[in-house]
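In: Model the following, please.
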Amino acid sequence: MSSFDITSEADLVALKNAVDVAGRHIGNRYDFKGSSAKAELNEKDKLITIWGDSEFQLGQIKDILFPEMEKKERESTKRLDAGDVQTISGNKAKQELKIKSGIEQELAKKIVKLVKDSKIKVQASIQGDAVRVAGAKRDDLQAAIALVKKTITDYPLEYGNFRD
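Out: Below is the predicted model of the structure:
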């Protein structure tokens, strides 16, 4: 019985690199000179914090950060969960962007239901924060991958750990 896993893991090295590059861009921009604009990555908590003088400046920082993230890891901005903009010490602003890792239960259930309803001869099961799909034929597994890729477009998924 062949199988593969559907997972979603953030590449923290690529994200750290993207935040560093964005930080250098922010430091070099003339309109950010003398402001508190910066972006920080907390790898332990999987959290990106952006700081600025106003909510508008936070938007400008995101316009720099998001393309850098997409260059390093495709669809990485889809895994960010943006918190509320917080006003701190007068007119300064900050926002936390939580990095989601793994497949949440609700999305995993949606994938399992999608595969079962498709009538492809495979079985899907939830294995912690991953979904394992098993079937007798390699063609059926490839059809399941194609179906999930076509249907789930709002969250980055990886297909790996293929076993024959």
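
In: alpha carbons only for contacts and neighbour counts from here, please
Out: Fine.

In: what about the most far-flung residue of the chain relative to its centre, which SS state?
Out: Most distant from the centre of the chain: Gly90, at 32.2 Å, with distances by C-alpha atoms, centre = their mean. Taken by DSSP: H, G, I helix; E, B strand; the rest coil, the conformation at Gly90 corresponds to coil.

In: residues contacting Lys137?
Out: Contact partners of Lys137, counting by C-alpha atoms under 8 Å, 6 or more residues apart in numbering, are Met1, Ser2.

In: Does Asp140 lie in a helix or a strand, and which?
Out: Asp140 is part of helix 138-151, with elements assigned from DSSP states H and E.

In: Likewise for Leu41?
Out: Assigning secondary structure by DSSP H and E places Leu41 in strand 38-42.

In: same thing with Ile48?
Out: Per DSSP H and E: Ile48 is located in strand 47-52.

In: How far away from the center of its chain is that strand?
Out: For strand 47-52, the distance between its averaged C-alpha position and the chain's averaged C-alpha position is 16 Å (C-alpha atoms, centre = their mean, to the nearest Å).

In: same question for it, mean pLDDT?
Out: Computed over strand 47-52, the mean pLDDT rounds to 92.

In: Please enumerate the helices of the chain.
Out: Chain-ordered helices for the chain, with DSSP state H as the definition, fall at 12-28, 55-72, 105-117, 138-151.

In: Could you dump those helices into JSON lines and include distance to Tyr159 and mean neighbour count?
Out: As requested, the helices of the chain are exported to JSON lines (distance: least, C-alpha to C-alpha, whole Å; neighbours: other C-alpha atoms under 10 Å):
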{"stretch": "helix 12-28", "distance to Tyr159": "18", "mean neighbour count": "18"}
{"stretch": "helix 55-72", "distance to Tyr159": "19", "mean neighbour count": "17"}
{"stretch": "helix 105-117", "distance to Tyr159": "13", "mean neighbour count": "16"}
{"stretch": "helix 138-151", "distance to Tyr159": "8", "mean neighbour count": "15"}
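
In: out of these, which comes closest to Asp129?
Out: Closest of those to Asp129 is helix 105-117, at 7.4 Å (criterion: C-alpha to C-alpha).

In: So in terms of bridging, what pairs with the nearest residue to Asn161 once chain neighbours are set aside?
Out: Of all residues not flanking Asn161 in the chain, Phe4 sits nearest, at 5.3 Å (C-alpha to C-alpha, 6 or more residues apart in numbering). When bridges are assigned using DSSP bridges, the partners listed for Phe4 are Val133.
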